[in-house]
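[1] Have a look; sequence and predicted model below, questions after that.
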Amino acid sequence: MREIIDEIRKFNLKEILQTKFGLKFNNSNLALCPFHDDTRPSFSVRNDNGIWEWHCFGKCDTGGDYIDFRKGIDGTDFNETIKKIQSENELISQTGERNKKGNRKPIAIYIYRDEEGNPLYRKLKYKEKTYAFERLEDGKWKLGLNNTRRLLYNLPELKDSGYVFYLEGEKDCESLRELNFVATTAGSVNSWKEDFVEYFKDKSVSICLDVGNEIIAEKIALDLSRVTNKIKILQLPGLNEREQDITDWLEMMRDVSIDEKKKRLIELIKETPYYEPTISTQKPRIETLEEFLAREMPKREIIVQYHAEKEAVSILAGEHKRGKSLYATQLALRIAEGKDFLNFIVPKPRKILLYQQEISEPSMKERLTKMLKRYSPSVLENFLIKNTVGNLVKVTNSSHRKQIHEQVETYKPELIIFDPFSTFHNRKENDEKEMSEVIDYFYEIAKKFCVAVLLIHHYGKPSMVSRQGGHLLRGHSILGDRPDIIILFNRLPKKYQNSPLPYAQDNYAEVEFILRSDAKPDNLIIERDPENLWYREYDLYNQLGRKILPERVKNIIQENGGEMQQAELMMMLQKLASKQVAFNAIQEAKQRDYIESVPLKGQGNPILLKLKGREVF
């Protein structure tokens with residue numbers, strides 16, 4: 001019996017609690033206690049020389065080993081609990097089908113989880129430094145990975161941490177976990193993939209591989225330099241033999257307290273300079289088309305369709321007092337919540353930062369209060385605002401630019417809006433060289449922090465009638481040539497100005513796009529509700545009885561919960577146009593894959609119309 005108890009106490013308690021009982025531990029190794037109504041994590045686990053124990057520092061103020069935990073959860077006595085654990089196929093104690101090498105038990109098991117914390121596969125380590133992999137399939141561990149997606153170890157913790165270590169093996173990661181550091185690995189020295197770099201964006205990374213693998217550490221650092229400039233390659237003092245690692249270094253300090261080990265590691269990190277990519281001494285060469293197409297590249301990351309893209313600069317321009325800032329603010333609110341803006345796709349919620357240097361703080365608060373009456377409170381967390389009226393920030397000032405960089409690095413927005421453009425520089429707008437330098441400053445921000453930049457600007461004097469498109473912008477023509485995206489905020493076209501409109505004409509605009517990387521979409525007529533300052537599409541073609549746009553069909557279905565019967569929709573559309581025009585609009589929406597139809601049972605063979613799932617870029 002003593003041997004059984006000792007074996008159970010060596011189970012990896014944290015992995016069992018996560019996998020079997022759903023406990024989620026934060027970076028401080030704390031979880032909500034399952035034994036009382038816990039609102040602040042008070043339940044911890046620790047590994048003391050191979051023996052796992054738990055303790056609740058909250059209301060319970062008790063603890064013990066896995067046997068004590070199961071006694072409390074299951075309400076069983078000691079002997080019954082032991083029998084129950086033995087009879088179960090515990091994740092840590094059984095090998096079953098997976099072990100084709102015999103009945104040996106692994107000395108360690110490392111579970112790889114996806115971004116949401118779900119286990120996908122695990123690695124079993126044996127005494128002879130041999131390994132086996134198992135995938136989780138239909139709730140059971142099965143030998144081999146098959147086509148299971150390969151992950152980084154400790155991926156959920158990696159996502160939520162700003163400072164991480166990249167190490168060679170899982171054991172090293174667990175060694176640093178005891179010091180309350182977040183560490184990850186691809187599993188072996190040769191398992192690193194360039195695809196993994198996306199998880200390290202803007203993080204501080206310390207790379208520490210086994211002795212002898214310095215060249216591979218350089219390769220990983222070079223890959224990571226695409227997404228962060230805060231990389232260090234650690235050289236651990238006292239390690240001279242090949243394959244010695246950070247675990248060996250920590251074991252050399254076995255008589256030192258955990259706090260002292262942590263202190264020495266932090267000191268080493270501070271003394272280590274940041275990694276700088278080595279400039280190649282080889283002569284530059286030109287790629288063949290085959291090489292260029294075969295080379296892996298990061299995918300374009302769209303913030304909002306036709307408006308903003310990471311590492312790109314966009315300009316939204318129009319006449320004074322036409323509502324550009326309201327349009328940009330609504331755009332930002334939609335991005336912050338992750339909902340489509342007008343007819344434009346917003347792939348997911350993102351954090352945005354609005355630098356506002358035009359209206360006072362009370363006026364800005366009044367404007368946002370009006371707009372937020374019809375908005376979800378969840379957006380408030382992702383919408384950041386910096387109002388600097390009266391104390392203008394200039395990107396042409398090195399100290400101001402450093403201030404912007406520090407704020408972006410601290411708060412990590414993915415879209416930055418500068419409103420209005422003219423207040424963020426002190427250069428001559430009609431000077432080509434000076435305007436080129438100003439645009440370069442904004443591209444510096446976009447590239448350095450991998451963010452999207454949106455500038456709000458004005459048109460030139462009305463007398464400049466010869467100008468068209470991007471050259472309508474005030475200042476040198478380079479302002480209309482350099483940006484990746486230009487959004488023109490125009491008056492309502494003359495041919496529609498005599499049409500009967502619900503509101504004054506100042507509440508209407510025609511939005512036009514000039515794009516470097518995408519096909520130009522159709523111009524959009526929008527209408528602003530004076531009550532809440534909110535824009536919506538205004539289909540003038542529909543008002544003139546010519547056509548109902550398929551986007552209008554999609555929006556109506558979306559506003560009705562994503563699905564509605566075709567007969568009900570037809571009745572609504574026939575208030576706007578003829579029956580044939582309404583039917584044609586529904587058919588065109590199907591052809592564009594906006595919606596799909598599902599036959600229903602019932603009298604008259606009713607049809608249900610549903611929004612169709614979309615894949616964004």
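    Structure's in. What do you need?

[2] need the helices for the stretch 251-400 of the chain, in chain order.
    For the stretch 251-400 of the chain, the helices defined by DSSP state H, counting those that start in this stretch cover 258-271, 289-294, 324-337, 361-372, 398-411.

[3] any chance of these in CSV, plus mean pLDDT?
    As requested, the helices of the stretch 251-400 of the chain are exported to CSV (pLDDT from 0 to 100):
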stretch, mean pLDDT
helix 258-271, 94
helix 289-294, 88
helix 324-337, 94
helix 361-372, 91
helix 398-411, 89
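
[4] I'd guess D202 is in a strand, am I close?
    No. Under the criterion used here (DSSP: H, G, I helix; E, B strand; the rest coil), D202 is coil, not part of a strand.

[5] Which residue, other than its chain neighbours, is closest to it?
    Among residues not flanking D202 along the chain, T228 sits closest, at 5.6 Å (Cβ to Cβ, 6 or more residues apart in numbering). C-beta coordinates here come from the backbone N, C-alpha and C atoms, glycine included.

[6] can you check K127 too?
    Closest to K127 by Cβ to Cβ, 6+ apart is I107, at 5.6 Å.

[7] mind giving me the domain ranges of the protein?
    2-143, 155-271, 302-538, 551-611 (automatic domain parsing).

[8] For the helix ranked longest in the chain, buried residues please.
    Counting residues, the longest helix found in the chain (DSSP state H) is helix 432-448. Using 16 or more other Cβ atoms under 10 Å as the test for burial, helix 432-448 gives E434, M435, V438, I439, Y441, F442, Y443, I445, A446.

[9] Same list, those residues, but as JSON lines with pLDDT and distance to K299 please.
    As requested, the buried residues of helix 432-448 are exported to JSON lines (pLDDT from 0 to 100; distance: Cβ to Cβ, whole Å):
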{"residue": "E434", "pLDDT": "86", "distance to K299": "35"}
{"residue": "M435", "pLDDT": "91", "distance to K299": "31"}
{"residue": "V438", "pLDDT": "91", "distance to K299": "29"}
{"residue": "I439", "pLDDT": "94", "distance to K299": "25"}
{"residue": "Y441", "pLDDT": "91", "distance to K299": "26"}
{"residue": "F442", "pLDDT": "94", "distance to K299": "23"}
{"residue": "Y443", "pLDDT": "93", "distance to K299": "20"}
{"residue": "I445", "pLDDT": "93", "distance to K299": "21"}
{"residue": "A446", "pLDDT": "94", "distance to K299": "16"}
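
[10] What is the nearest of the residues you listed to L573?
    Using Cβ to Cβ, A446 comes nearest to L573 of the buried residues of helix 432-448, at 42.5 Å.

[11] related to what we said a few turns ago, now for the residue nearest to D202: which residues touch it?
    By Cβ atoms under 8 Å, 6 or more residues apart in numbering, the contact list for T228 reads F200, K201, D202, K203, S204, V205.

[12] so is it in a helix, a strand, or just coil?
    T228 - assigned by three-state DSSP - is coil.

[13] Report pLDDT for it.
    Note on T228: pLDDT of 93.

[14] Look up how far Q235 lies from it.
    Separation of T228 from Q235 (Cβ to Cβ, to the nearest Å) stands at 20 Å.

[15] Repeat that for V346.
    According to Cβ to Cβ, V346 stands 45 Å off from Q235.

[16] between these two, which one's more packed in?
    V346 (22 against 12; other Cβ atoms under 10 Å).

[17] R334 is in contact with that one, correct?
    Yes. With contact defined as Cβ atoms under 8 Å, V346 reaches R334; the gap is 5.7 Å.

[18] Find residues that contact each of these two.
    The contact sets of V346 and R334 overlap at V304, D340 (Cβ under 8 Å, 6+ apart).

[19] any weak-confidence spans in the stretch 151-300 of the chain?
    Residue ranges of the stretch 151-300 of the chain with pLDDT under 70: 278-284.

[20] Can you give me the buried ones in stretch 195-213?
    196-197, 199-200, 203-211, 213.

[21] if we can go back for a sec, which one of the domains of the chain lies closest to E287?
    Per Cβ to Cβ, nearest to E287 of these: domain 155-271, 17.1 Å.

[22] now do the same end-to-end measure for the closest one.
    Chord length of domain 155-271, first to last residue, is 28 Å (Cα to Cα, to the nearest Å).

[23] coming back round to it: now, the most widely separated pair of the contacts of T228?
    Greatest spacing in those, by Cβ to Cβ: K201 and S204 (11.6 Å).

[24] how much space is there between the closest residue to I456 other than its chain neighbours and Q603?
    Using Cβ to Cβ, 6+ apart and skipping residues adjacent in sequence, the residue nearest I456 is D419, 4.0 Å away. Distance, D419 to Q603, by Cβ to Cβ: 56 Å.

[25] Of these two, give the one with the bigger neighbour count.
    Counted by other Cβ under 10 Å, D419 and Q603 do not tie: D419 has more neighbours, with 22 against 5.

[26] residue contacts, the more buried one?
    S325, A328, L354, Y355, Q356, Q357, E358, I456.

[27] and the second one, how far is that from N29?
    What that stands for is A328. Per Cβ to Cβ, A328 is found 43 Å from N29.

[28] So if I had to pick from these two, which one is more boxed in?
    A328 (23 against 15).
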